[in-house]
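Visitor: Quick one, structure for this:
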Amino acid sequence: MSVPAATADRGFFGHPRGLSTLFFTEMWERFSYYGMRAFLILYMVGPVAAGGLGFSDARAASIYGTYTGSVWGAAILGGLAADRFLGQYRSVLIGGIIIAAGHFTLAFKALPFFYTGLALIVIGTGLLKPNVSTLVGSLYEQGDARRDAGFSLFYMGINLGAFIGPLIAGYLAQRVNWHLGFACAGFGMALGLVQYVVGKRRLQPAITRLERKQVAPPAGAWRRFSSGARTSKQDRR
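Guide: This next block holds a predicted model:
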């Protein structure tokens, strides 16, 4: 009896090999995000003489809260952009590039670079975060019993990145230079992007499944819908 190709792919701890690509993409993205976030408010309230921005606690807390809230809110728009225009693979790629650009922008000392860098990270994370999870689920055929365990492995990558990031980027920021910490977060995201692009072939089954779901409706579908809507309105009258 033949085994479906998706089920036969067990190259990453019994799961599709594409999961390893997404595992490390998300690990490095969380490394960059939490690595920078660990010292962000400390940088804002740090005295100017020590390389910080010298903000008051209230101002720093307001910026920090707006930034973190915007990151999660942007995921809604990122999901819509992927579904309507970019597709999931391209959204993750573009999002990762924007995130890396944001971290490297923060590595410059001028205040406009600070706000620009935060805005770029918000936009990039909004594109990457929801769509990388969609790719994970699409690695598996409908009904594949491995899917839940696959997400558990994927979340291990998230936790690993969130654990390592503050240790490395946070140490460099506080012990060496704030802006070196920001740059370290950017290099982490860049590493994630490199292996994401190199591993694209492993993600092809997921990309193909998502493209099938996003195929445009058959010719005449809108005409039939419009006709049905007019008929419904006439019935109500």
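
Visitor: use CA for all of it now, contacts and neighbours both
Guide: Noted.

Visitor: which stretches of the protein aren't confidently modelled?
Guide: 1-11, 214-237 (pLDDT under 70).

Visitor: Can you give me the end-to-end span of stretch 40-59?
Guide: 13 Å (Cα to Cα, to the nearest Å).

Visitor: what comes up buried for it?
Guide: Of all the residues in stretch 40-59, those buried under the rule 16 or more other Cα atoms under 10 Å are Leu40, Ile41, Leu42, Tyr43, Met44, Val45, Gly46, Gly52, Leu53, Gly54, Phe55.

Visitor: Show the subsequent helix or strand relative to the helix or strand where Val194 lies.
Guide: In this structure, Val194 sits in helix 178-198 according to DSSP states H and E. Next helix or strand after helix 178-198 toward the C-terminus (DSSP H and E): helix 200-213.

Visitor: and that following helix, what does it pack onto?
Guide: Contacting helix 200-213 under the criterion 3 or more Cα pairs under 8 Å, 6 or more residues apart in numbering; DSSP states H and E are the following elements: helix 18-45, helix 88-106, helix 111-138.

Visitor: Show me what the helix holding Val194 is packed against.
Guide: Helix 178-198 packs on helix 18-45, helix 88-106, helix 147-175, going by 3+ Cα pairs under 8 Å, 6+ apart.

Visitor: give me phi/psi at His15?
Guide: The phi and psi values for His15, taken as degrees, to the nearest 10, are phi -120, psi 170.

Visitor: Burial check on it, number of neighbours?
Guide: A count of nearby residues for His15, using other Cα atoms under 10 Å, gives 21.

Visitor: now do the one 4 residues further on
Guide: By the criterion of other Cα under 10 Å, Leu19 has 26 neighbours.

Visitor: Surely it and Val136 touch.
Guide: Yes - counting by Cα atoms under 8 Å, Val136 is a contact partner of Leu19 at 6.5 Å.

Visitor: any residues in contact with both of the two?
Guide: Among the neighbours of Leu19, those also in contact with Val136 (Cα atoms under 8 Å, 6 or more residues apart in numbering) are Gly150, Phe154.

Visitor: how near is the closest residue to Arg202 other than its chain neighbours to Leu135?
Guide: The shortest distance from Arg202 to any non-neighbouring residue, by Cα to Cα, 6 or more residues apart in numbering, is to Gly18 (4.5 Å). Distance of Gly18 to Leu135, computed by Cα to Cα: 9 Å.
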